[in-house]
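> what follows is a predicted structure for the sequence shown.
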Amino acid sequence: MFMSFGEIEIAENLFSDIKDKTSYTYGAMINEEPIFLSLIGACSQIGIRSICEHIVRQIPLSQPSIYLQNALIDMWGKSGDVNQAKQIFQSIAQPEIISYNSMINVYARNGMGYEAIDLYNKIDENIRDKISHICVLNACSHSGLIDQAQMIFNKIEKKSVEIITTMIDCLSRMAMFDQAQKLIDDHEKSNSPNSIMYTAMLSGARNHRHVVLSEKLYNQMKSLFSNEKSDLISASTLLSNTYSSLENYQQVEGIRIDRMKQFGKNANVGVSWTELNGQLVRFHAHDRSHPQSNEIYAELERLSNELREHGYEYDST
């Protein structure tokens, strides 16, 4: 109230006297929406549903802005709660393109390719943008809908580097490397080589343990993009993971030494986290510090073999 009447000093004194400050207390001193957007963004990065629910309960959502709604759609999608994301999307009277794109991306993240395509087709062609195309192609990629992806891709008039790269990723995930290479070749007829396209194809080769192709792509990248340090580090990590998936640890060590000589650093260790019994548990890539790591990895291998028996291919690196 005092802030509304310009009595900033009185408001600051009252604020200082409050011992247990909440987001509402801070929000009284500054515009609330940036606080909520920051909180929602942080929850999106963590992607743990219980934490998302706890934060959302503290946000007044009687009349949320379109920015909050889009942020919540993204947050719920990343935490795996598609229904919550869908409810928010459907509550928007006149969705703008960013809302459509956010919801398509939710479907993409959660392996719901057909739903993503259906929503994409409902968007007026005149308002679809580059992000719309990328999101739906990504959804097809993660759901193995290669025919649908090719149909959509062929209808796109203006194909940006990002759109072509997404299609290369889609083809590479399905081990259609000749078609992926053709897209790269066609692009390079009138454009400079692009490292992201090669990285997308290398990622697919890694997923399929195609060591010969992985080596070829990595060597091409070293030749074409010698000054693009971060991309070459990423590429070396993908090649290293290819060797690791085949238990060729001598080559893995060779890549590490080569990377240290060339760039003076190791690749950043990947970190993920999940919730277990109300606690946040972090996992580092190739981490064996846990006292029961042998049992954990043995169970992981058992589950991996069971998945493969049922025909499910996944990225085990």
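In hand now; what should we look at?
> quick check: mean pLDDT of whichever strand or helix holds residue 307?
Per DSSP states H and E: residue 307 is located in helix 293-309. Computed over helix 293-309, the mean pLDDT rounds to 79.
> and stretch 33-51, what's buried?
Of the residues in stretch 33-51, 35, 36, 37, 39, 40, 43, 44, 46, 47, 48, 49 count as buried by neighbour count, 16 or more other CB atoms under 10 Å. Just so you know, the C-beta spots here come from the backbone N, C-alpha and C atoms, and that holds for glycine as well.
> closest to residue 110 among those?
Closest to residue 110 out of these is residue 47 (11.4 Å), distances taken as CB to CB.
> any idea how far the helix or strand containing residue 99 is from the chain center?
When elements are assigned from DSSP H and E, residue 99 belongs to helix 97-109. With CA atoms, centre = their mean, to the nearest Å as the basis, helix 97-109 stands 13 Å off its chain's centre.
> following element in sequence after that helix, please.
Counting by DSSP H and E, the next helix or strand C-terminal to helix 97-109 is helix 113-122.
> so what touches that next one?
100, 103-104, 107-108, 128, 132, 135-136, 139-140, 142-145, 148, 152 (CB atoms under 8 Å, 6 or more residues apart in numbering).
> among the buried residues of stretch 33-51, name the ones in helices.
Applying DSSP state H to these, the entries found in helices are 35, 36, 37, 39, 40, 43, 44, 46, 49.
> circling back to that earlier point, the helix holding residue 99 - what's its average pLDDT?
Helix 97-109 carries an average pLDDT of 95.
> helices or strands next to that helix in the packing?
If contacts are counted by 3 or more CB pairs under 8 Å, 6 or more residues apart in numbering; DSSP states H and E, helix 97-109 sits against helix 66-78, helix 82-91, helix 113-122, helix 130-143.
> and it, what's buried?
Neighbour counts using 16+ other CB under 10 Å place 98, 99, 100, 101, 102, 103, 104, 105, 106, 107, 108, 109 of helix 97-109 among the buried residues.
> also stretch 216-224?
For stretch 216-224, the neighbour count (16+ other CB under 10 Å) marks 217, 218, 220, 221 as buried.
> pick the most deeply packed of the helices and strands packed on helix 97-109.
For those, average neighbour numbers computed from mean count of other CB atoms under 10 Å are highest in helix 130-143, which has a mean of 23.
> list the contacts of that one.
Counting by CB under 8 Å, 6+ apart, helix 130-143 makes contact with 97-98, 100-101, 104-105, 107-109, 111-114, 116-117, 120, 123, 145-146, 148-149, 152-153, 156, 158, 160, 162-163, 166-167, 169-170, 173, all of which sit outside it.
> can we see that at 7 Å?
Residues outside helix 130-143 that contact it (CB atoms under 7 Å, 6 or more residues apart in numbering): 97, 100-101, 104-105, 107-108, 111, 113, 116-117, 120, 123, 148-149, 152-153, 156, 160, 162-163, 166-167, 169-170, 173.
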